[in-house]
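*Asks:* Kindly return the folded structure for what I paste below:
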Amino acid sequence: HHRIRRIRRGSRVVETIAGNTKFAYMGDFNAGGHMDGFGLATKFDNPRGIAWSPDNSIIVADEANNVIRRIDIESGETTTIAGLNLHRPGFNDGHGRMAWFVDVTPLAVDSKGNIYVASFLAEHRIRRIDPTGEVKHFCGRVPHREIA
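*Replies:* Numbers count the residues shown, from 1 in each chain. Have a look, this model is predicted:
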C-alpha cells in the first residue's frame, strides 16, 4: 500500500510513519508516487527492501521508483539519497541522484553506514552507497553497456 509502517515494541498498535495513497487511487488499486517530505506527505511506489541504519534512520528500497530513500526517525523526514526517478531504469554509478537503478529490492546497511543494494531482475549485481552518497559497483555482473 505504498507506506512504511511500524509496530512499537510491546504494543499491538500499527502506525504509518511515511507514505500515503491520498489522491492516487487508480481503478482497483491505490497507486504510488514519488515525493520526499515529512511523514504522511511523502509518497512511495512499491517500497520493498528496508534496513535500519546506524544513524538511527530507516533505509528503504523504493522499487518502482528505482531509488533508495532515507527516513529520519527523529524528524520524520524522507529524502531520496540515491537514484533518479525517471520511470526509466538504468545502470549508472555516480553520486546520489546521478546514479540509476533497476528493480531495487533487498538491501542491507553495515556498521559504517554503507548501504548495499541488490538489483537482481535486470542487473544481477550489488552496488554500494557509501555515507557520502557515492554509488559504485560492489559485486556481480557488470552490464555490457551503461544506459545514459
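*Asks:* in the protein, which spans are strands?
*Replies:* Taking DSSP state E as the criterion, the chain carries its strands at 4-7, 14-18, 25-26, 29-30, 37-38, 47-52, 57-62, 67-72, 77-82, 94-95, 107-109, 115-119, 125-129, 134-140.
*Asks:* Give the partner strands of the fifth one in its sheet and their orientations.
*Replies:* Looking back up the chat, that one is strand 37-38. strand 77-82 (antiparallel) (DSSP bridges).
*Asks:* mind listing what's buried in the partner strand?
*Replies:* Across strand 77-82, burial judged by 16 or more other Cβ atoms under 10 Å covers 77-78, 80-82. C-beta here means a position set from N, CA and C on the backbone, and glycine is covered the same way.
*Asks:* Please apply the same query to stretch 3-19.
*Replies:* For stretch 3-19, using 16+ other Cβ under 10 Å, the buried residues are 3-4, 17-19.
*Asks:* List the contacts of it.
*Replies:* 1-2, 20-21, 32, 39-40, 42-44, 47, 50, 58, 60, 71, 73, 76, 78 (Cβ atoms under 8 Å, 6 or more residues apart in numbering).
*Asks:* Grab the nearest non-local neighbour of residue 4.
*Replies:* Distances taken as Cβ to Cβ, 6 or more residues apart in numbering put residue 18 closest to residue 4, at 4.3 Å, once the chain neighbours are dropped.
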